[in-house]
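>>> after the sequence you'll find the predicted model.
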Amino acid sequence: MPSDEINKTSLEALGITLSGKLGNPEVTLLDDPRLDPRIATALIEASMTFPAQQPNVHGNMTYEDAVDFTMYMHSLMASMSEVIERTMPDFESIESYELPIRGHGSHKIDLLIDRPKDAHFRMPCIVHLHGGGMIFDTARNASNVRWRKSLAELNAVVIGVEFRNEGLSEGHQPFPAGLDDCAAAVRWVHENRDELQISSIIVIGESGGGNLAISTALKASSEGWGDAVDGVYAMAPMLYGFYDAPPEGLLSWHENLGLMGDHATVRAMRLVYDPEQAFKDNPLCNPLFAPSDLLNGLPPHIIRNYELDLIRDEGVVFAQRLRAAGVEATSQIVNGAHHVPEIAMPDAIPELTRDTLSSIAAFAYHCAR
């Protein structure tokens, strides 16, 4: 009998069942007993509204195939945005405006700013980098708009960055285009702290935006403007693309494989972000294995991970590496959740949404100078 079967049999004899695919290779996300039933209901309702019509995603996709997949995902997010818009709260206490700045190369980067009305005191600034695998979606998506305004209600200036990505922008926009825009935005905010009346700058992001938030802090530190970033809050960060094999030593890549995302899907996103595999070892592209000397001196981090997420342990391991380098870093795992439901379905699990929003705001105030 193979050793893995012996170990599984021994665990079963003790009454221990392994989670996810480790315990049941046939389990799906919707019938995984760990999943919050309210999330399952919301996913079923979403599948009825947006039936699966995505391109065939497989391990031998060409770059062109991967771009087509990106465009499908971008259009899907746009369709979902229309539905979310119909349940958008009024946010009467928040004023919102857009401000264009110039990025490297003098192209325009739109900043979407939300802040409490009639607030004449310094407050933290939260720079939000939206998710989408670094390659699709927009800061104008209704779910991102709602997230920023909800944070602004907690007495913060919140700035969304419309960075370049493949789904949004003309032409091809691989690494480091989007990251450069995020960095330019943070530098502009830092240079205008007094005008914006802000007391701290934290950079937040989810999924691909979590990658960009962490990479922005790494870029700032490596280029000598690390004082611009007072903290990083990353939710389910994508910290390593799929190249020849999945990252080593990450249990979630086995436990949650196929529940929501698989090797081919992550490879397709990486193929668009790094088409020539030129940046596999570049920590600004794939921060998971950033060297300790680059991590040393980074600002405090909070990394929020999700129990049923394929990339859960990327955030867990990165937080461990931050602490080993002397960085204040907290890693959390949200039980019962798949991948950032607070933004995709905020009303399905309202107590989790409130908790995450409060956690971000408290962290921003903690980082105030």
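The structure has been received and is ready for your questions.
>>> spit out the contact partners of residue 250.
By Cβ atoms under 8 Å, 6 or more residues apart in numbering, residue 250 lies in contact with 313-314, 317. Every C-beta, even on glycine, is put in place using the N, C-alpha and C of the backbone.
>>> what about the closest residue to residue 331 other than its chain neighbours, distance to residue 133?
With Cβ to Cβ, 6 or more residues apart in numbering as the criterion, residue 331 has its nearest non-adjacent residue at 3.5 Å, and that residue is residue 319. To residue 133, residue 319 is 21 Å away according to Cβ to Cβ, to the nearest Å.
>>> kindly report the same for residue 54.
From residue 54 to residue 133 the distance is 14 Å (Cβ to Cβ).
>>> what do these two both touch?
Common neighbours of residue 54 and residue 133 (Cβ under 8 Å, 6+ apart) are residue 73.
>>> those two: which has the busier surroundings?
Applying other Cβ atoms under 10 Å to residue 54 and residue 133 shows that residue 133 carries more neighbours, namely 25 against 11.
>>> any idea which helix or strand carries the more buried one?
Element membership of residue 133 [criterion: DSSP states H and E] is none; it lies in no helix or strand.
>>> swap in residue 91?
Residue 91 belongs to no helix or strand, assigned by DSSP H and E.
>>> surely it and residue 147 touch.
No: applying Cβ atoms under 8 Å, one finds residue 91 not in contact with residue 147, separated by 11.4 Å.
>>> list the contacts of residue 332.
302-305.
>>> dump the contacts of residue 250 into TSV; add distance to residue 330 as well.
Converted to TSV, the contacts of residue 250 look like this (distance: Cβ to Cβ, whole Å):
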residue	distance to residue 330
313	16
314	16
317	14
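>>> among those residues, who's most crowded?
Ranked by the number of neighbours (other Cβ under 10 Å), the contacts of residue 250 place residue 314 first, at 27 neighbours.
>>> I'd like the distance between that residue and residue 246.
For residue 314, the distance to residue 246 - Cβ to Cβ - is 10 Å.
>>> can you check residue 274 too?
With Cβ to Cβ as the criterion, residue 274 and residue 246 are 16 Å apart.
>>> cool, and residue 325?
Taking Cβ to Cβ, one finds residue 325 at 24 Å from residue 246.
>>> residue 369 too?
40 Å.
>>> so which of the two has more stuff around it?
In this view residue 369 and residue 246 are compared by other Cβ under 10 Å, and residue 246 has more residues nearby, 19 against 11.
>>> got the contact list for the more buried one?
Going by Cβ under 8 Å, 6+ apart, residue 246 touches 253, 263, 266.
>>> are we agreed that the first one is in a helix?
Yes: using DSSP: H, G, I helix; E, B strand; the rest coil, the secondary structure at residue 253 is a helix.
>>> isn't it up against residue 310?
Yes: contact criterion Cβ under 8 Å: residue 253 and residue 310 qualify, at 6.4 Å.
>>> tell me which of the two has more neighbours.
Set side by side, residue 253 and residue 310 show more neighbours around residue 310, with 28 against 24, by other Cβ under 10 Å.
>>> quick check: closest non-adjacent residue to the more buried one.
What sits nearest to residue 310 in space, not counting adjacent residues and going by Cβ to Cβ, 6+ apart, is residue 261, at 4.3 Å.
>>> show me what contacts the one you found?
310-311, 339.
>>> ramachandran coordinates for it?
As for residue 261, its main-chain torsions (degrees, to the nearest 10) stand at phi 110, psi 150.
>>> the residue lying closest to residue 251 once chain neighbours are set aside sits in which helix or strand?
Among residues not flanking residue 251 along the chain, residue 313 sits closest, at 5.6 Å (Cβ to Cβ, 6+ apart). Using DSSP H and E, residue 313 falls within helix 312-324.
>>> show the subsequent helix or strand relative to that helix.
Assigned by DSSP H and E, the successor of helix 312-324 is strand 329-334.
>>> strand partners of that next one, parallel vs antiparallel please.
When sheet partners are counted by DSSP bridges, strand 329-334 sits next to strand 301-306 (parallel).
>>> which residues does the partner strand contact?
210, 214, 217, 231-237, 312-313, 315-316, 318-319, 322, 327-334, 337-341, 356, 359, 363.
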